[in-house]
Structure formats: C-alpha cells, structure tokens
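>>> kindly return the folded structure for what I paste below:
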Amino acid sequence: MSKEKTSAFLRQVPLFHDLNPQEMERVEEITISRFIPRKSVIFAEGSEKEAVYFIKNGLVKTYKTDENGHEQIVSFLKTGDLFPHTGFFNQNPYPATAEAIVDTRLLAIPVKVFERLMLNTPSIAIKMMRVMGDKIRELQEKLQVLSGQDVKHRVLSFLLQLAEQHGDVQDNKITINLPMTHQEIANSIGTTRETINRLLNQFNKEDLLEVDRSRIVIIDLEALKQLKELR
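Residues are numbered from 1 along each chain as shown. Below you'll find the predicted structure:
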C-alpha cells in the first residue's frame, strides 16, 4: 500500500480521530502492511502480543477455544476495525485467536515500537485512551442487552447487528456477505447449532430472510426489528 493510501486509511480510524497532523505522521512511520490469505491464523490466543492490527480490507473472526476444543466466537471484524480490542494499553497476551475469513489486507503497528512513541509523545496516549474509554462503554452496553435476552432475541439482535455492520442494501434487501456456518452463528451467541437451524428455518418460512453458506439476505428488515421488540 502506498504511503498516501496508508495515511488516508489511518485518518479514518476512530482511534486516531483526535490526533493532529504531526502526531498522525509519527504513527504512519511505524505502520506495516500485511497480507493474510483466507483461513490463515493472524495470532493465537495466549501468545505474546506483538502488534495491534487494523483491517484495510477483508474479514476476520476472533474466537476462544474451551477445554473440549470448541470455538466460542468473540467477534466478526470488517474493514476499518481494530483488533485485539485490548489494544495498546496492557501487557497481556492475545485474548483470543484471530483468523482471516477471506483474503485480508492489514495494517500492523508493533506494540513495543508504539509504546516508545507514546512515551516520547504523551499527547497521543491521552487522546487514544479517551476513544478507548468510549469503546469500552459501548461494548458493556451491548453485553448488558444480550445477557438479558432469550435465545430468539439474541439471534435477532445478532442478525440486526450484522446487517448494520456488514450489510449491503440492494433492491430493498440487505445482503450480508459473510461466509458463516450455522455452528459459527451458534458460537457467537452461546447456543446450539440445532437451535440456529430451527430459528433460521422459521425466519425463512416467514419470508424474513434467506441463508446460504456464503451470505445472509434479509428480505424484511422492519419485520425483523418488530419481531425483536415483541416480548
């Protein structure tokens, strides 16, 4: 990626919104471009945190593995997203495994190099911590909402979140081009594959959505929203 494209991309990242041009230039100087082929692991849960990543284009899933080897999806990440969310501000290992769902281009900022930059330019750290605080509050609010819902409402919330974050609007339909298995959807919201199969089949029969292995098409977004509001 050219220096100009890297600069333009980083300026769109919310974490850096408050940085002035001089601070932004310092960040750009330590940024590295990486290409990750589909189904390649970017980092493994528990390994030393060497870098923080930003998705230039592509899709990434992060997941934790339990003692039985089952995946628990933590998040699906798209262009512009930062991961891991713990970012630059602690020394802990990577909290989850990150894997490219499709061929993905990343920008990486090495943690140790960035720490030296923050020591030399404390204003960068202060501005970024403010943004991270807002992000933490947002995640806490989402967790509160999900934890108080039954499985059907968690599925509806998850589908609406995917539509908002990954959906393309075409002919009054929303296409979510995200190659997810029913098991991965189940792992994302803490339920079984059988439950997901049953609910998605139900939504399909009600002409709310269509699902195949590479995408979800929401036919009636308003009806999905109304269904979520019903108790």
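
>>> what sits against Thr6?
The contact partners of Thr6, taken as CB atoms under 8 Å, 6 or more residues apart in numbering, are 28, 31, 33, 107. No exception for glycine: its C-beta is placed from N, CA and C like everyone else's.

>>> could you pull out the helices for the chain?
Ranges of helices in the chain, per DSSP state H, are 3-11, 21-29, 111-120, 122-147, 151-166, 182-189, 193-205, 221-229.

>>> let me have the ones you listed in a markdown table, extended by mean pLDDT and distance to His85.
Shown next, in a markdown table, are the helices of the chain (pLDDT from 0 to 100; distance: least, CB to CB, whole Å):
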| stretch | mean pLDDT | distance to His85 |
| --- | --- | --- |
| helix 3-11 | 83 | 18 |
| helix 21-29 | 92 | 18 |
| helix 111-120 | 91 | 14 |
| helix 122-147 | 77 | 7 |
| helix 151-166 | 87 | 15 |
| helix 182-189 | 84 | 16 |
| helix 193-205 | 92 | 25 |
| helix 221-229 | 85 | 25 |
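
>>> how far away is the closest residue to Phe114 other than its chain neighbours from Pro110?
Sequence neighbours aside, Phe88 is the residue nearest to Phe114 in space, at 5.5 Å (criterion: CB to CB, 6 or more residues apart in numbering). From Phe88 across to Pro110, the span is 10 Å (CB to CB, to the nearest Å).

>>> what of Phe54?
13 Å.

>>> buried set for stretch 189-196?
189, 191, 195-196 (16 or more other CB atoms under 10 Å).

>>> of all those residues, which two lie farthest apart?
Ile189 and Thr195 (9.3 Å; CB to CB).

>>> give the residues shared as contacts by the two.
With CB under 8 Å, 6+ apart as the test, Ile189 and Thr195 both reach Val151.

>>> any idea which of the buried residues of stretch 189-196 is closest to Leu117?
Using CB to CB, the buried residues of stretch 189-196 come closest to Leu117 at Ile189, 38.1 Å.

>>> and for the closest one, nearest residue in space, chain neighbours not counted?
Per CB to CB, 6+ apart, closest to Ile189 is Arg154, 4.5 Å.

>>> same check on His166?
Ile176 (5.0 Å).

>>> check contacts around the residue lying closest to Gln72 once chain neighbours are set aside.
In this structure, Gln72 finds its nearest non-sequential neighbour in Lys64, 4.8 Å apart by CB to CB, 6+ apart. Listed by CB under 8 Å, 6+ apart, the contact set of Lys64 reads 45, 71-72, 74, 95-97.

>>> distance check, Lys64 against Ile73.
From Lys64 to Ile73 the distance is 8 Å (CB to CB).

>>> same check on Leu159?
Taking CB to CB, one finds Leu159 at 14 Å from Ile73.

>>> which one's more surrounded, those two?
Per other CB atoms under 10 Å, whichever of Leu159 and Ile73 has more neighbours is Leu159, with 26 against 19.

>>> these two touch, right, the more buried one and Leu224?
Yes. Counting by CB atoms under 8 Å, Leu224 is a contact partner of Leu159 at 6.5 Å.

>>> what do those two both touch?
What both Leu159 and Leu224 touch, as defined by CB under 8 Å, 6+ apart, is the set 209, 218.

>>> and the helices of the chain: which comes nearest Asp81?
Of these, the one closest to Asp81 (CB to CB) turns out to be helix 151-166, at 8.9 Å.
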